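> only geometry, no sequence info:
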């Protein structure tokens, strides 16, 4: 059973920073990308960022490139998302998720967590 333990959401003012953490367990897939997608009220899901479990390559949505950094600690099976220069439009529920690397860009996530709220005030 794939499980996620997410933490790190909260309320921050525009320009501030937050770091999300996701401890994942129960999966042994190769060619997997693990990271976050987000969903704001009334909007579609957006793949924010993921890191390939095998190669370590990282992927970012254009909306967050240059502001967010994803990293992983393989010994702890934990992935981190450092979010800097946050904007009000980053406000959403952020879900830790994993998908085959080839499916991440099309939003075909196979497993995801319960989500953590990120709110950025102006």
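Good, I have the coordinates. What you see is a predicted model, and the numbers here were worked out from it, not measured in a lab.
> contacting residues around the residue sitting nearest the centre point of the chain?
Taking CA atoms, centre = their mean as the criterion, residue 36 is the residue nearest the geometric centre of the chain, at 1.9 Å. Applying CB atoms under 8 Å, 6 or more residues apart in numbering to residue 36 gives the contacts 20, 22, 48-50, 70, 81, 94-97. The C-beta positions use only the backbone N, C-alpha and C, and glycine is treated the same way.
> try 10 Å this time
By CB atoms under 10 Å, 6 or more residues apart in numbering, the residues touching residue 36 are 6, 20, 22, 46-50, 61, 64, 68, 70, 79, 81, 83, 92, 94-97, 112-113, 115-116, 118.
> Filter the residues you listed down to the buried ones and hand me the PyMOL line.
This is the PyMOL syntax for the buried subset of these, where burial follows 16 or more other CB atoms under 10 Å:
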select buried, resi 6+20+22+47+48+49+50+61+64+68+70+79+81+83+92+94+95+96+97+112+113+115+116+118
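> Which of the contacts of residue 36 fall in strands?
In strands, judged by DSSP state E, the following of those are found: 6, 20, 22, 46-50, 68, 70, 79, 81, 83, 92, 94-97, 112, 116, 118.
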